[in-house]
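Participant: have a look; sequence and predicted model below, questions after that.
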Amino acid sequence: MADWNPSLYLQYGAERTRPAAELLARIPLNEVSSIVDLGCGPGNSTALLKQRWPDAKIIGVDNSPAMLEEARSALPECQFVEADIRQFKPGKPLNLIYANASLQWVPDHYDLLPHLVSLLTWNGVLAIQMPDNWLEPTHVSMREVAYEQGYPDRGREPLPGVHAYYDILTDAGCDVDIWRTTYYHKMHSHQAIIDWVSATGLRQWLKELNESEQKAFLKRYHELLEEQYPLQENGQILLAFPRLFMVAQRQP
């Protein structure tokens, strides 16, 4: 599990792309010439940007070679760069920095977000969407299993929250539109939930474990999911998935 798995990630491609499209719909820009897609993954979000602004120069940034290989294959007309989000610096100010489900992996948002705003043109936009599921049973159970089995905390940090983000971005000189949406994804089994999170949050916990340790971790994790997620009358499971959205426009 050294690298991200594009095929596993795109197993729920429609569900993962929906919030990307909803973030895109709230960006108040018409003419755009330069875009960076931070944490572009396999290019599913980059494709949306290309559809809306076909003439813009679009650069996708990710630190996963496997994800970038998938993105380059899908979108040969875009440029993709392997880099850490914190270290990436464009050659000139950008009209749009778009970060769909990526910045939750990057620490120190009190410093990171003002830095990203500083890379924008006047009236440029920083558009962010992040899973806000640190307190959801999927993620609480990961931490619980790790504690039970004696593993260190490998999960991501909780997000600062709506009010903190509003202050961070307004202090950086932006007009801010911020909202939170909870999606309810239909899962056909508890194993399907594991498949979903194995492509993202769960991989952090498993990547340092050997095969037998992974099996023990997943067995206990499955048991906790069965306790937390009841079956609907038709046998489906509703997976609540809250996400936080921000569209910050830099003011002259």
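Facilitator: Nice, I can see it. Bear in mind the structure is a predicted one, so any value in this text is a computation, not a measurement.
Participant: got a list of what the most centrally placed residue in the chain touches?
Facilitator: When C-alpha atoms, centre = their mean is applied to the chain, the residue found nearest the centroid is residue 101 (1.3 Å). Applying C-beta atoms under 8 Å, 6 or more residues apart in numbering to residue 101 gives the contacts 16, 19-20, 39, 41, 129-131, 200, 243. Quick note: C-beta positions are derived from backbone N, CA and C, even for glycine.
Participant: please enumerate the helices of this protein.
Facilitator: 6-9, 13-25, 44-52, 65-74, 109-118, 137-148, 162-171, 190-198, 203-206, 211-228 (DSSP state H).
Participant: helices or strands up against the longest one?
Facilitator: This points to helix 211-228. helix 137-148, helix 190-198, helix 203-206 (3 or more C-beta pairs under 8 Å, 6 or more residues apart in numbering; DSSP states H and E).
Participant: pLDDT weak spots in the protein?
Facilitator: For the chain, the stretches flagged by pLDDT under 70 are 1-13.
Participant: for residue 175, give the beta-bridge partners.
Facilitator: When assigned by DSSP bridges, residue 175 has beta-bridge partners residue 249.
Participant: tell me who's in contact with it.
Facilitator: Residue 175 makes contacts with 248-249, 251, as judged by C-beta under 8 Å, 6+ apart.
Participant: what's the ChimeraX line that selects buried ones from these?
Facilitator: The following ChimeraX line selects those of the contacts of residue 175 that are buried, judged by 16 or more other C-beta atoms under 10 Å:
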select :248,249
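Participant: just the contacts of residue 175 now: which is nearest residue 160?
Facilitator: Residue 160 has its nearest neighbour among the contacts of residue 175 in residue 248, at 14.3 Å by C-beta to C-beta.
Participant: that closest one touches residue 171, doesn't it?
Facilitator: No. The criterion here is C-beta atoms under 8 Å, and residue 248 misses it with residue 171 at 10.9 Å.
Participant: and residue 247, how many neighbours?
Facilitator: The local packing of residue 247 (other C-beta atoms under 10 Å) involves 24 other residues.
Participant: wait, it touches residue 177, no?
Facilitator: Yes. Taking C-beta under 8 Å as the definition, residue 247 is a contact partner of residue 177 at 4.4 Å.
Participant: now residue 98: how far from residue 246?
Facilitator: 11 Å (C-beta to C-beta, to the nearest Å).
Participant: find residues that contact each of those two.
Facilitator: residue 127.
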